[in-house]
Structures are given as C-alpha cells and as structure tokens.
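# Pasted the sequence and its predicted model underneath.
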Amino acid sequence: MAKSHTVKVAKRLTAFEKSLVNNMARKVVIAGGLHIPRVEVFGCEAIGNYVNGARKRAEAIQLCLNHYRAHPRHWQFWCAVFYKDKATGVKQYSSVLFEPLYGTSNDIDKHLTPLVDAFVKEGDNVNLTSYGWVAIPSDEVVIDDEAEEAFVRLFEGKRCYDREHAERMLLTRKLEAASV
C-alpha cells in the first residue's frame, strides 16, 4: 500500500499582505560581509507604518521575510571593499552595483558569493580591511549616491575599517562552521 504524505498548501496572501510585502521590499535592506558575523536585516521598523502592536509587527516582519525566502522577486545588489592605508590611516572604499537577480533570498548566496569574491580579488589586497554587501528585494529602489552613503555609514558602524575586527569575525565563522 502506498504511503500517505501530508502536503502543506502555502497560504495565499491577502491583498493587504501582498501590499505589505511589496511596500516593505522597498524599505528592507539585507546586509552581510566580512565584518558582520551573520547576515542582518535592516529597515524592518518601517512595518510600524502598516501594522500596530508589537506582536502583529513581529508577525508581519516574519511574513515578509518568509515571502522573500520562498517566492522569487527582483533583487538589487551593492558591494563595497574597504581599505585603510596602514602608513597614513587614510580610509577609502571601492563599490559596485551588480546586475539585478530574479530569485528568492535563498538564491542570493550562490549568485552573490562568486561576484563578491571576484570584486574583492580585483582590489588592493594589501590595504584591504573588509568588504560588505547589500541586497534589496525590489527593483524599484534607486541605489544612488545618497543610498551608497547610507550603506557606507551602516558598514562604518560595523567597524569596516578595522582589520583586526574583520579577522576575528572570519575566525568566528570558521569556528562556527567547524562545530556544525
């Protein structure tokens, strides 16, 4: 006799939920890099414009993130490599916008990692302190100079010009991967 399987049918989004997912896609920024121990999501506080109550906001954020994980959409990617001259202390960065991708947040890693690795290798590896990337689950957001400045400030807050910090983060990741 054939074995029975329970199939979980994905819930269809209501019109409000669909609007919420699309509006939040223009506000959410997913960031990662050498100096960030785990991928982080920024911009979720904007959900308060659509949903009241802490519990409902938390549920709505999870709904949006799960939707980005499971349903393909257009994504934009920005990446920067951060440098600090050891002799002069001068800090600078080099950035690039990668081609947009259509896929889920689960697709990001396999597509983004080779692009970031190639961009990092192109640069001045002597003064390299770290690198960082941003993924936005919308093709409607314009990544202009103002947005780039905001991304750089975000990474400066994560100590992107501190080479020792980046080395500790890399070691932490290797240890976590080895213990899994």
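Structure's in. What do you need? Numbers count the residues shown, from 1 in each chain.
# and Leu170, what is it in contact with?
With contacts defined as C-beta atoms under 8 Å, 6 or more residues apart in numbering, the neighbours of Leu170 are Leu34. Yep, even glycine has a C-beta here, placed from its N, CA and C like the rest.
# Restrict the one helix or strand it maps to to CA atoms and write it as PDB.
In the assignment (DSSP states H and E), Leu170 maps to helix 163-179. Coordinates of each C-alpha in helix 163-179 appear next as PDB, following Å, rounded to 0.1, in the frame of the first residue of the first chain:
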ATOM      1  CA  ARG A 163      41.100  44.800  10.000                       C
ATOM      2  CA  GLU A 164      41.600  43.000  13.400                       C
ATOM      3  CA  HIS A 165      37.800  43.000  13.900                       C
ATOM      4  CA  ALA A 166      37.300  41.500  10.400                       C
ATOM      5  CA  GLU A 167      39.900  38.800  11.100                       C
ATOM      6  CA  ARG A 168      38.100  38.000  14.400                       C
ATOM      7  CA  MET A 169      34.800  37.700  12.500                       C
ATOM      8  CA  LEU A 170      36.300  35.400   9.900                       C
ATOM      9  CA  LEU A 171      37.800  33.200  12.700                       C
ATOM     10  CA  THR A 172      34.400  33.100  14.500                       C
ATOM     11  CA  ARG A 173      32.700  32.000  11.300                       C
ATOM     12  CA  LYS A 174      35.300  29.300  10.700                       C
ATOM     13  CA  LEU A 175      34.900  28.000  14.300                       C
ATOM     14  CA  GLU A 176      31.100  28.000  13.900                       C
ATOM     15  CA  ALA A 177      31.200  26.100  10.600                       C
ATOM     16  CA  ALA A 178      33.600  23.600  12.100                       C
ATOM     17  CA  SER A 179      31.300  22.900  15.100                       C
END
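# residues of it that come out buried?
Buried residues in helix 163-179, counted by 16 or more other C-beta atoms under 10 Å: Arg163, His165, Ala166, Met169.
# same question, stretch 44-57
Neighbour counts over stretch 44-57 (16+ other C-beta under 10 Å) mark Cys44, Ile47, Val51, Arg57 as buried.
# Over to stretch 91-99?
Buried, per 16+ other C-beta under 10 Å, within stretch 91-99: Tyr93, Ser94, Ser95, Phe98.
# How about stretch 154-165?
Of the residues in stretch 154-165, Leu154, Phe155, Lys158, Arg159, Cys160, Tyr161, Asp162, Arg163, His165 count as buried by neighbour count, 16+ other C-beta under 10 Å.
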